[in-house]
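A.B. asks: With the input below, show me the fold.
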Amino acid sequence: MPIGGVVITCRAEHKDSVLKDLAPFSALEIHGSDEKGNIVAVIDSESSEDMERLIDSINKHEHILNVGMTYLNTEDEAGKMARGEK
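C.D. replies: Next up is the predicted model:
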């Protein structure tokens with residue numbers, strides 16, 4: 001399961017509505033936000049492809065300017081690949 005830390009940047013005046021819109025994404029855990037519209041979150045997904053789809057979906061939100069990856073851990077997937085499982 002890949003785990004990634006992201007900073008989601010939105011228009012500051014829409015931060016509250018963006019936070020509300022992000023709440024249903026079960027693979028996304030919000031850890032905080034600031035008055036400038038930066039939202040700190042962790043994505044814990046089943047696969048890299050699932051994470052990529054989620055980030056693409058978040059990026060399509062009308063008030064989100066960017067989803068920036070700050071760290072990514074894919075040790076589980078790398079181990080599977082090394083064993084020939086993926």
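A.B. asks: Quick check: S33 touching I39?
C.D. replies: Yes - the pair S33 / I39 is scored as a contact, 4.5 Å apart, by C-beta atoms under 8 Å. C-betas here are computed from N, CA, C, even on glycine.
A.B. asks: Which one of those two is surrounded by more residues?
C.D. replies: I39 (22 against 19; other C-beta atoms under 10 Å).
A.B. asks: For that one, give its distance to G32.
C.D. replies: I39 is 8 Å from G32, where distance means C-beta to C-beta, to the nearest Å.
A.B. asks: what residues are shared contacts of S33 and I39?
C.D. replies: Shared contacts of S33 and I39 (C-beta atoms under 8 Å, 6 or more residues apart in numbering): 15, 19.
A.B. asks: ok, now how distant is the closest residue to N73 other than its chain neighbours from S26?
C.D. replies: Nearest-residue entry for N73: I3, 4.8 Å, with adjacent residues in sequence omitted and distances by C-beta to C-beta, 6 or more residues apart in numbering. I3 is 14 Å from S26, where distance means C-beta to C-beta.
A.B. asks: all strands of the chain, in order?
C.D. replies: Along the chain, counting by DSSP state E, strands occupy 3-10, 28-33, 38-44, 64-73.
A.B. asks: Pick the most buried one from the ones you listed.
C.D. replies: Among these, ranked by average contacts under mean count of other C-beta atoms under 10 Å, first place goes to strand 3-10 (a mean of 20).
A.B. asks: And for that strand, what's in contact with it?
C.D. replies: So strand 3-10 is contacted by 18, 22, 37-44, 51, 55, 58, 61, 63-73 (C-beta under 8 Å, 6+ apart).
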